[in-house]
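# A predicted structure for the sequence below; I have some questions about it.
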Amino acid sequence: MMNKIGSDRQSFYDAVYDIVRAIPSGRVTSYGAIAAALGARTSSRLVGYAMSASHTAHPPVPAHRVVNHKGLLTGKFHFTPHDRMQKLLEKEGIRVVDDQVKEFKKLFWDPKEIMDEFE
DNA sequence: ATGTTGACTTGGA
DNA sequence: GTCCAAGCCAACA
């Protein structure tokens, strides 16, 4: 069986990467939403931890589209340079002010929308 | 082996 | 709205 993300995949990380790569341009999601989509809502921290290692993943994951549940760019200091995360977002039409995604609620993309692709 | 830390979230006060 | 504590798993010292 290889239809469930997280259980058959090589690791929780790969599952996270797959979802992040599926985030549409110009949209954002949260760590918790990804964790929830994986059925591990309480492991949202792992999602963030996975992102810290995402820069070594291949193909690369658009980690800049993942923010915390408030729409805050908490991971921007993991980018080089730090402004890159915001730059990338703005490039996609997302407005970021004071490290916070404007209209976050509206731009929020629920990973569960593409869960079908993984079933 | 144990203890700490971390790109987090939730629930209760 | 705020602040605090707990829970999750992996990497590192």
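Now that the structure is in, tell me what you want to look at.
# Spatially nearest residue to the residue in chain A positioned nearest to DNA strand B, not counting backbone neighbours?
Proximity of chain A to DNA strand B (CB to the nearest atom of the strand) peaks at A:Gly75, 1.7 Å away. Where C-beta positions appear, they are placed from N, C-alpha and C, glycine not excepted. The shortest distance from A:Gly75 to any residue other than its chain neighbours is 6.2 Å, reached at A:Met51 (CB to CB, 6 or more residues apart in numbering).
# Could I get the full set of helices for chain A?
Under the criterion DSSP state H, helices of chain A are mapped to A:12-21, A:31-37, A:44-52, A:84-91, A:104-107, A:115-118.
# quick one: which of those is nearest A:Pro62?
Checking the helices of chain A against A:Pro62 by CB to CB gives helix A:12-21 as the closest, at 6.3 Å.
# what's that closest one packed up against?
helix A:31-37, helix A:44-52 (3 or more CB pairs under 8 Å, 6 or more residues apart in numbering; DSSP states H and E).
# how about that helix: buried residues?
Neighbour counts using 16 or more other CB atoms under 10 Å place A:Phe12, A:Tyr13, A:Ala15, A:Val16, A:Tyr17, A:Asp18, A:Ile19, A:Val20 of helix A:12-21 among the buried residues.
# likewise stretch A:81-99?
By 16+ other CB under 10 Å, the buried positions in stretch A:81-99 come out as A:Met85, A:Gln86, A:Leu88, A:Leu89, A:Glu92, A:Ile94, A:Val96.
# Can you give me the first-to-last residue distance of that stretch?
Counting by CA to CA, to the nearest Å, you get 14 Å between the two ends of stretch A:81-99.
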